[in-house]
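Student: Need a 3D model of the sequence below.
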Amino acid sequence: MSNDGRSDAELLAATGRGDDAAFAVLVRRHIRVATLLAAQLLGDRDEAEDIVQDAFTVVHRNARTFDAERPFAAWFFAIVRRLASNRRSRDVRRERLLRLWGKGTTAASASSPADDALLARLDAVAARRAMEDLSPMQRACFELVAVRDLSIAEVAVMHGISESTVRQHVFRARAALRAILD
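Tutor: This is a model prediction of the structure:
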């Protein structure tokens, strides 16, 4: 994070006026969390980095039209989620077409690398089963808060949900894991 005290809206307005240094500060502020979100949604770090780069391109291109009354982070993470969703849909379509055309398949792994990292930390077969039983949002919130050490507020903005909803997902995930592991 930079020592630049300007708000995200001020940095984006400066970017719209052609200030590339302001845009660089904005990127440094949000790149880590955006990459974590995209990696969580896609399960692939390289694809996540591509998505985040594309999202920052969209932000740069639309900096002049941003409504400064609205929070930047919510807008930006919505762009990341939309781009990741589009990438997932594209990959599913490609895999289906490859199967239909008989040219083999690209076998998708049963779990994402993010899930595997969390499960390796828990290091138990029972925990693996428990994680698979969690809802996708419980698993996502639990991983980001408990494993990646992001704040409740950051996770809420990343997924476009309220902080109380994030707390509820994390609480329920912990309770489910505890019940199985005990």
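Student: Longest helix in the protein, please.
Tutor: Scanning the chain for the helix with the most residues, using DSSP state H, yields helix 72-101.
Student: Return the distance of that helix from the chain's centre.
Tutor: Relative to its chain's centre, helix 72-101 lies at 12 Å (C-alpha atoms, centre = their mean, to the nearest Å).
Student: So that it lines up with my notes, have the first residue be 39 from now on.
Tutor: Happy to do that; since the first residue is 39 now, the last one works out to helix 110-139.
Student: Run through the neighbouring helices and strands of that helix.
Tutor: Packing partners of helix 110-139 (3 or more C-beta pairs under 8 Å, 6 or more residues apart in numbering; DSSP states H and E): helix 46-54, helix 58-80, helix 83-99, helix 190-197. (C-beta placed from N, C-alpha, C; glycine too.)
Student: Quick one: those as TSV, columns for mean neighbour count too.
Tutor: Formatted as TSV, those follow (neighbours: other C-beta atoms under 10 Å):
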stretch	mean neighbour count
helix 46-54	19
helix 58-80	20
helix 83-99	17
helix 190-197	21
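Student: Ok, which of those comes nearest Arg108?
Tutor: Among the helices and strands packed on helix 110-139, the nearest to Arg108 by C-beta to C-beta is helix 46-54 (8.5 Å).
Student: Just the mean pLDDT for the closest one, thanks.
Tutor: The average pLDDT for helix 46-54 rounds to 91.
Student: residue contacts, Ala51?
Tutor: Going by C-beta atoms under 8 Å, 6 or more residues apart in numbering, Ala51 touches 101, 104, 106.
Student: which ones are touching Ala194?
Tutor: Ala194 neighbours (C-beta under 8 Å, 6+ apart): 200-201, 203-204.
Student: domain parsing for this structure?
Tutor: For the chain, the domain assignment from automatic domain parsing gives the residue ranges 46-139, 151-219.
Student: what's the least confident stretch among the ones you listed?
Tutor: Among those, domain 151-219 carries the lowest mean pLDDT, at a mean of 79.
Student: Please state the offset of that domain from the chain centre?
Tutor: Distance of domain 151-219 from its chain centroid, counting by C-alpha atoms, centre = their mean, is 13 Å.
Student: circling back to that earlier point, can you flag which of the contacts of Ala51 belong to strands?
Tutor: Per DSSP state E, strands hold no members of the contacts of Ala51.
Student: nearest to Arg55, of those residues?
Tutor: Proximity of the contacts of Ala51 to Arg55 (C-beta to C-beta) peaks at Ala101, which lies at 8.5 Å.
Student: got a list of what that closest one touches?
Tutor: Under the criterion of C-beta under 8 Å, 6+ apart, the neighbours of Ala101 are 50-51, 53-54, 61.
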